[in-house]
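A.B. asks: just a sequence and a predicted model for now, questions to come.
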Amino acid sequence: MNKSNELAENRTDWAEDRTILANERTFAGWMRTGMASLAVAIGLKAVFGDFDPTWAAKAVASIFVVAAVYIFWAAHDAATKTLDRLNDHHANAQPNARMKTLAVIFSFASVAVGGILWML
């Protein structure tokens, strides 16, 4: 293999590593967006606490809870698909199981928050 081909392969490897790291940043951004959706749900309850009928404010808050759960799973699916297409060379990618665990925990917590909002 000549020097030019070796340099080209190194650049390709580095580009894949950068893509893996960008994928993890994107996953974190999606998770933050899901948490923001959950924060809106909690904020709606705080702002419209004495709103009548109470079911209307709770229903709108529930929409944001469902959106948060959807965002968490969309983030997991997108990150998993990207990682499946790439090979890590030097970057240590987060394992798919860890991203799935985060999606499960955040989803469970979001549903719990939704349940608490309905009980208030």
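C.D. replies: Right, received. Where do you want to start? Numbers count the residues shown, from 1 in each chain.
A.B. asks: quick one: which helix or strand includes residue 103?
C.D. replies: For residue 103, the element it lies in under DSSP states H and E is helix 96-119.
A.B. asks: residues of that helix that come out buried?
C.D. replies: Going by neighbour count (16 or more other C-beta atoms under 10 Å), the buried part of helix 96-119 is 99, 102, 103, 106, 107, 110, 113, 114, 117. To be clear about C-beta, it is placed using only N, CA and C from the backbone, and glycine gets the same treatment.
A.B. asks: leaving out chain neighbours, which residue sits closest to the third one?
C.D. replies: What that stands for is residue 103. Nearest non-adjacent residue to residue 103, counting by C-beta to C-beta, 6 or more residues apart in numbering: residue 76, 4.1 Å away.
A.B. asks: pretty sure that neighbour is touching residue 101, no?
C.D. replies: No - with the criterion set as C-beta atoms under 8 Å, residue 76 and residue 101 do not qualify as a contacting pair; they are 9.6 Å apart.
A.B. asks: pLDDT weak spots in this structure?
C.D. replies: Of all residues in the chain, those with pLDDT under 70 make up the ranges 1, 87-91.
A.B. asks: the same query, at a cut-off of 80, please.
C.D. replies: Using pLDDT under 80 as the threshold, the predicted model of the chain has low-confidence ranges 1-14, 16-17, 45-46, 48-51, 85-94, 120.
A.B. asks: by how many degrees do the longest helix anywhere in it and helix 96-119 diverge?
C.D. replies: Selection of the longest helix in the chain by residue count, based on DSSP state H, yields helix 3-47. Computed by axes from the mean of the first three to the mean of the last three C-alpha atoms, to 10 degrees, the angle separating helix 3-47 from helix 96-119 equals 10 degrees.
A.B. asks: give me the next element, helix or strand, following helix 3-47.
C.D. replies: If you walk from helix 3-47 toward the C-terminus, the next helix or strand you reach (DSSP H and E) is helix 54-85.
A.B. asks: and that next one, what's buried?
C.D. replies: Neighbour-count burial for helix 54-85, counted by 16+ other C-beta under 10 Å, picks out 57-58, 61-62, 64-65, 67-69, 71-73, 75-76, 79, 82-83.
A.B. asks: what separates that helix from the chain centre, distance-wise?
C.D. replies: From the chain centre to the centre of helix 54-85 is a distance of 8 Å (C-alpha atoms, centre = their mean, to the nearest Å).
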